[in-house]
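In: here is the input, now give the coordinates:
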Amino acid sequence: MVELHISEAKKAGESVTIKGWIYRKRVSGGIVFIILRDMSGVVQAAIKKDSVDEATWKAAEATTIESSVELSGTVVEDKRAPTGYEIKATSLKNVSVSEPYPITEYQSTELLLDKRHLWLRSQSMTAVMKLRSHFFRYAREFLDKQKFFEVTPPVITSAGGETGANLFEVNYFGKKAYLTESSQLYAEAMIYSLERVYSFVPSFRAEKSRTTKHLAEYWHLEPEMAYYNNEMNMELQEGLISHIAEKLAKEHQDELTVLNVDHKALGKIKPPFKRISYEDAIKILNEKGFKLKWGDDLGVEEERAITAEEDKPIFICNWPKEIKPFYMPINPKDPRTVVCSDMQAPHGHGEIIGGSERIWKYDELVERMHEVEKLKDVKFNMDNYSWWIDLRRYGSVPHSGFGMGMERVIKWMLNLDHIRDAIPFPRMANRLEP
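Out: Sure thing, here's the model as predicted:
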């Protein structure tokens, strides 16, 4: 008797033992049919009353949906079974009999969120969580091959990465501190020794947005690169996205099939990605019936309209300086704009990456921060930023970076309806539990 995972039990005639959970159960005469699941998949098992001992039959009768069990038997081919194989059981032991399971076939979204700790067992969520793990691995794999170093910045900080307007405040031993909205400032400090770095940690945004693409806590991949300009930055982003899509398409078709994702379409996401200017984006949208003026940001509807017919992401470049953060340099070709780009996912999934060159000269940075204070009616606590500004005084170099919201990428590539299903336990404006 060999202890295997379900996906390995495909050798007819082999005697196996599987430890898993009851996904479905049906009784027909003297036979109990169960669908058994584990982390690798599902398989049907048949327990015949006249072929097992009394203890096994009583266990089969007593077991319920989501009970944990240890089942032994012989693998047989059966085209009628969900996976083409069935296990003719010789033994079944209940490890823990489940109480009546509170999630049935048709449930409200709110109940599924309230019971998130249980809904994660569903086939769709299991597939998403498996793929999420692969997303993380392939992102690191790509950057590691590009000779990046992973760094570990603090999550508690005294300064915001942008304006500090949407930060969660915490009491840090009597001092005012915040949960980070971006690790960019700390990653910038690391390029002066390591040159190419990335951080991959949670970020926090105290925005009360209730759209399908906003989370209050999300996983943020933030590379920073010495001597990179904005074009090099965009090429790196293209390579990263293409690498993740290609690996998923080649190696994880089973999970993609569960989610009705076309792996062939994922495999076609290759550079180069279309590049358009902010100014052209406004023109395109107005031709589609919007009434936008220079300086307007793009919302959900605008993002959907401009990418609805795209099959790959696009870049929108050189945004107005009034609506972008203080660390982005003024575009010498158009002083109304800054040297930056946002990557928009196709089919209306919205922005997934924001990147730019960084202001690397001391005087220019200080001047820009004061300009932003006037434009946005904000006040920087310069003491909190002094160490970061200080970097420009000691051998500064041109550099660029970007931030990628991992859950937004997952939502797009897996074609999920809502970003909450791209993370195990979503934190949103109206949800703190479980």
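In: please save the CA atoms from stretch 321-337 in CSV.
Out: The C-alpha trace of stretch 321-337 is given here as CSV (Å, rounded to 0.1, in the frame of the first residue of the first chain):
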residue,chain,number,x,y,z
LYS,A,321,3.0,66.6,-13.2
GLU,A,322,0.0,67.8,-11.1
ILE,A,323,-1.4,64.2,-10.7
LYS,A,324,1.9,62.3,-10.2
PRO,A,325,4.2,62.0,-7.1
PHE,A,326,6.9,64.4,-6.1
TYR,A,327,9.8,62.1,-6.9
MET,A,328,9.2,62.0,-10.7
PRO,A,329,11.4,64.3,-12.8
ILE,A,330,9.9,66.9,-15.2
ASN,A,331,9.9,65.8,-18.8
PRO,A,332,12.4,68.0,-20.7
LYS,A,333,10.4,67.4,-23.9
ASP,A,334,7.2,68.7,-22.3
PRO,A,335,7.5,70.5,-19.0
ARG,A,336,3.8,70.0,-18.3
THR,A,337,4.6,66.3,-17.7
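In: can you list the buried residues in the helix or strand encompassing Met129?
Out: Met129 is located in helix 123-145, with elements delineated by DSSP states H and E. Applying a neighbour-count criterion of 16 or more other C-beta atoms under 10 Å, one finds 125-132, 134-136, 138-139, 142-143 buried in helix 123-145. Just so you know, the C-beta spots here come from the backbone N, C-alpha and C atoms, and that holds for glycine as well.
In: so which of these comes closest to Gly401?
Out: Of all the buried residues of helix 123-145, Leu143 has the smallest distance to Gly401: 12.2 Å, by C-beta to C-beta.
In: could you find the closest non-adjacent residue to the closest one?
Out: Counting by C-beta to C-beta, 6 or more residues apart in numbering, the nearest residue to Leu143 once its immediate chain neighbours are dropped is Tyr198, at 5.3 Å.
In: could you do Leu120 as well?
Out: Once chain neighbours are set aside, the closest to Leu120 by C-beta to C-beta, 6+ apart is Pro424, at 6.2 Å.
In: what helix or strand is the one you found on?
Out: Secondary structure here is read from DSSP H and E; on that basis Pro424 sits in neither a helix nor a strand.
In: distance of it relative to Pro434?
Out: 10 Å (C-beta to C-beta, to the nearest Å).
In: hey, what's in contact with both of those two?
Out: Both Pro424 and Pro434 are contacted by Arg116, under the criterion C-beta atoms under 8 Å, 6 or more residues apart in numbering.
In: is it true that Ala81 touches Gln44?
Out: Yes. With contacts counted by C-beta atoms under 8 Å, Ala81 reaches Gln44, the gap being 4.3 Å.
In: show me what contacts Pro320?
Out: Pro320 sits next to 278, 294-295, 336-338 when contact means C-beta under 8 Å, 6+ apart.
In: and with 10 Å instead?
Out: Remark: with contacts taken as C-beta atoms under 10 Å, 6 or more residues apart in numbering, Pro320 is in contact with 278-279, 282, 294-297, 331, 334, 336-338.
In: does the nearest residue to Pro154 once chain neighbours are set aside count as helix, strand or coil?
Out: Nearest-residue entry for Pro154: Tyr186, 6.8 Å, with adjacent residues in sequence omitted and distances by C-beta to C-beta, 6+ apart. The three-state label for Tyr186, taken from DSSP: H, G, I helix; E, B strand; the rest coil, comes out as helix.
In: ok, Tyr186 - contacts?
Out: When contacts are counted by C-beta under 10 Å, 6+ apart, Tyr186 touches 151-154, 157, 159, 161, 180, 197, 199, 201, 222, 224, 387-388.
In: of those, which belong to helices?
Out: Judged by DSSP state H, helices contain the following of the contacts of Tyr186: 387-388.
In: which one of the contacts of Tyr186 is nearest Gly350?
Out: Within those, the smallest distance to Gly350 is 18.5 Å, found for Glu222 (C-beta to C-beta).
In: doesn't Ile191 make contact with that closest one?
Out: No. Contact criterion C-beta atoms under 10 Å: Glu222 and Ile191 do not qualify, at 11.8 Å.
In: quick check: neighbours shared by the two?
Out: 151, 197, 401.
In: nearest to Pro271 among those?
Out: For Pro271, the closest of the shared contacts of Glu222 and Ile191 turns out to be Gly401, at 19.0 Å, with distances computed as C-beta to C-beta.
In: nearest residue to Phe290 other than its sequence neighbours?
Out: Going by C-beta to C-beta, 6+ apart, Phe290 has Glu302 as its nearest residue, at 6.3 Å.
In: mind giving me the packing neighbours of the helix or strand containing the one you found?
Out: If you go by DSSP H and E, Glu302 is part of helix 300-307. Packing contacts for helix 300-307, counted by 3 or more C-beta pairs under 10 Å, 6 or more residues apart in numbering; DSSP states H and E, involve helix 278-287, strand 314-317, strand 340-345, strand 350-358.
In: give me the angle between the last one and strand 340-345.
Out: The reference is to strand 350-358. Taking axes from the mean of the first three to the mean of the last three C-alpha atoms, to 10 degrees, one finds that strand 350-358 is oriented at 160 degrees with respect to strand 340-345.
In: now for the next helix or strand after strand 350-358, which elements pack on it?
Out: Following the chain from strand 350-358 toward its C-terminal end, the next helix or strand by DSSP H and E is helix 362-376. If you count contacts as 3+ C-beta pairs under 10 Å, 6+ apart, helix 362-376 packs onto helix 382-390.
In: neighbours of Pro102, how many?
Out: Other residues near Pro102 come to 12 when the count uses other C-beta atoms under 10 Å.
In: then Lys324?
Out: Taking other C-beta under 10 Å as the criterion, the count of residues near Lys324 is 21.
In: for it, give me the pLDDT.
Out: Per-residue confidence at Lys324 stands at 93 (pLDDT).
In: check contacts around it.
Out: With contact set as C-beta under 10 Å, 6+ apart, Lys324 has these partners: 162, 278, 297, 318, 337-340, 342, 354, 356, 372.
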